[in-house]
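[1] Coordinates for the following, if possible.
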Amino acid sequence: MGRKSLAAERRSQIVEAFRRCICRYGLQGSTIKRIAAEAGLPAGLLHHYFRGRDEMIEELVRRTVDDLVASYHAHLGACRDPAERFDRALGFLFGPKVMDLANARFFYECWAETTRNPVAREAFANLYRRSRDTIAGLLSETGLASGMAPAEVRDLASLLIAIQDGVALQCDMDPDHVTADRMCRLTHRVLLRYLETARFVGRRSGAAQTGRRGRVRANGSRT
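    Residues are numbered from 1 along each chain as shown. Predicted structure coming up:
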């Protein structure tokens, strides 16, 4: 039992050192030697806990997502009011935990790596899947997506992630003209308008289908 705890502690120590190195030197500059020095461990010991940098990237992305998802649920708390839950979720998505500059630069580095590293690519694909599922779950459980097909709910979740990604990039590059608070309020209005329109279209579609079924029963034949 003690060995497992030590192994978990060492892996965490190495991964966090790797995160700091990425922010300081970039992903390509984060060599095993630098990671070991940052972690305060012999370079040879890193290979005892990780097969290489690919596994470190995978572990770092997984830990980052686990931390963000746990923080997201804690931020929402026990609130069950749909409107307030939606407000809290957007506030978290555009809040300091997600918009943290160190996190943003870590993701920039890793996105570049995904173009040539299939392990990093799959790790990020899982990140987006989990984020999409979390947001789609929020829209469904609060009833905000009532009347929408599951595929449309997932697409809307993907769109929200894309907006947040783009806002984070612009806030980093051009903070004098783009702020997370303003973008959060605008995204809130746009999404609510979209959801209202989707519900309206769904109700009209449902009423039209009911009317068609009624005519079939009255006439005895399908029109």
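[2] which intervals of this protein have sub-threshold pLDDT?
    Counting by pLDDT under 70, the chain has low-confidence residues at 1-4, 200, 202-223.
[3] Report the residue ranges of every domain in it.
    Residue ranges for the domains of the chain, per automatic domain parsing: 1-50, 52-205.
[4] So which residue is smack in the middle of the chain?
    Residue closest to the average C-alpha location in the chain (Cα atoms, centre = their mean): S131, at 3.4 Å.
[5] Check the gap between D176 and Q170 for me.
    11 Å (Cβ to Cβ, to the nearest Å). (Each C-beta comes from the backbone N, C-alpha and C, glycine too.)
[6] the more surrounded of those two?
    Q170 (15 against 5; other Cβ atoms under 10 Å).
[7] in the helix or strand containing that one, what's buried?
    Q170 belongs to helix 150-173 when assigned by DSSP states H and E. The neighbour-count check on helix 150-173 (16 or more other Cβ atoms under 10 Å) flags 153-154, 156-157, 160-161, 163-164, 167-168, 171 as buried.
[8] Closest one of these to H75?
    Q164 (14.7 Å; Cβ to Cβ).
[9] my guess is D87 contacts T187, does it?
    No. Using Cβ atoms under 8 Å, D87 is not in contact with T187, being 11.5 Å away.
[10] Pick out whichever of these two has more residues nearby.
    Ranked by neighbour count (other Cβ under 10 Å), D87 and T187 place T187 first, with 18 against 14.
[11] Against S71, how distant is that one?
    As judged by Cβ to Cβ, T187 and S71 stand 19 Å apart.
[12] now swap in E152 and tell me
    Following Cβ to Cβ, the distance that separates E152 from S71 is 27 Å.
[13] What of M173?
    Computed as Cβ to Cβ, the M173 to S71 distance reads 25 Å.
[14] Also E59?
    Using Cβ to Cβ, one obtains 18 Å as the distance from E59 to S71.
[15] same question, D172
    Using Cβ to Cβ, D172 is found at 20 Å from S71.
[16] Could you tell me how many residues sit around N117?
    With neighbours defined by other Cβ under 10 Å, the count for N117 comes to 18.
[17] Apologies, that question was intended for L186.
    12.
[18] where's it, which helix or strand?
    Assigned by DSSP H and E, L186 belongs to helix 180-219.
[19] and what of C23?
    Counting by DSSP H and E, C23 is part of helix 2-25.
[20] follow-up on the earlier one: quick one: the residue nearest to the centre of the chain and D66 touch, right?
    No. Using Cβ under 8 Å, S131 is not in contact with D66, being 12.0 Å away.
[21] residues touching H75, list them.
    Contact analysis of H75 by Cβ atoms under 8 Å, 6 or more residues apart in numbering lists 88-89, 91-92, 95, 97.
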